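K.L.:
sequence and computational prediction follow.
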Amino acid sequence: MGKVIFYEDRNFQGRSYECMSDCGDFSSYMSRCHSCRVESGCWMMYDRPNYMGNQYFFRRGEYADYMSMFGMSECRSCRMIPMYRGSYRMRIYERENFMGQMYEMMDDCDSIMDRYHMSECQSCHVMDGHWLFYEQPHYRGRMWYFRPGEYRSFRDMGGMRFMSMRRIMDSCY
């Protein structure tokens, strides 16, 4: 089970809110959120309500100031990433709607261009595991969390262009 404590101000000051599951909007608990302590689990934090906006991956630890650490203005919603210990498998596609070149992945990929000579990935089907996709090679830039499911078009996600992928492993917990 995951647990995170959010604080209104930097350095764990101000009112706090303890969270142990997904929360789509902190506004009914606190007016703002600028720091947190992740006591257990892995979490995706969002800078807008309802799991929208930029996403940030948090694991156990103390985060005293989002702005200086990530450039994140504040946290408005969060999603707990369930622990997963099985195999990892997904298919990435060059085009929307599972069209174009397809590659099946079971491990991390630091550059789809280097590994598959693929300049774009526009859809995917995550069969097993939980994954983080990054907009730049070598796990840099903005990220997006993918859980098992079919993702027909990344255009629906603000036109993100993904160039590297990493499994969320049990070592993150």
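P.N.:
On my side now, so go ahead. Since this is a predicted model, take the numbers as computed values, not measurements.
K.L.:
all contacts plus neighbour counts: C-alpha atoms, from now on.
P.N.:
Will do.
K.L.:
what bridges to F6?
P.N.:
F6 has these beta-bridge partners by DSSP bridges: Y17, C36.
K.L.:
kindly state the pLDDT recorded for the residue nearest to M1 when sequence neighbours are not counted?
P.N.:
Nearest residue to M1, sequence neighbours excluded (CA to CA, 6 or more residues apart in numbering): G41, at 6.7 Å. Model confidence at G41, given as pLDDT, is 93.
K.L.:
need the contact list for G41.
P.N.:
Applying CA atoms under 8 Å, 6 or more residues apart in numbering, we find G41 in contact with M1, G2, K3, R59, R60, M80, I81, P82, M83, C172, Y173.
K.L.:
and it, how far is that from G71?
P.N.:
22 Å (CA to CA, to the nearest Å).
K.L.:
tell me how far the lowest-mean-pLDDT helix or strand in the chain lies from the chain's centre.
P.N.:
The weakest-scoring helix or strand in the chain, judged by mean pLDDT, DSSP states H and E, is helix 66-70 (a mean of 76). Centroid displacement of helix 66-70 relative to its chain, using CA atoms, centre = their mean, to the nearest Å, is 16 Å.
K.L.:
given the host helix or strand of L132, what are its sheet partners and their directions?
P.N.:
Using DSSP states H and E, L132 falls within strand 131-136. Paired strands of strand 131-136, with direction, are strand 140-146 (antiparallel), strand 164-167 (antiparallel) (DSSP bridges).
K.L.:
surely R89 touches V126?
P.N.:
Yes. Between R89 and V126 there is a contact at 6.4 Å, judged by CA atoms under 8 Å.
K.L.:
quick check: chain neighbours aside, which residue is closest to the residue nearest the centre of the chain?
P.N.:
Centroid-nearest residue in the chain: Y145, 3.4 Å away (criterion: CA atoms, centre = their mean). Nearest in space to Y145, with sequence neighbours left out and distances taken as CA to CA, 6+ apart, is L132 at 4.8 Å.
K.L.:
what's the local residue count around that neighbour?
P.N.:
20 (other CA atoms under 10 Å).
K.L.:
pLDDT value on it, please?
P.N.:
97.
K.L.:
look up how far S21 lies from it.
P.N.:
19 Å.
K.L.:
relative to E39, how far out is E62?
P.N.:
Distance from E62 to E39, by CA to CA: 8 Å.
K.L.:
same check, this time on M160
P.N.:
31 Å.
K.L.:
domain map for the protein?
P.N.:
For the chain, the structural domains run 3-81, 89-172, going by the TED database.
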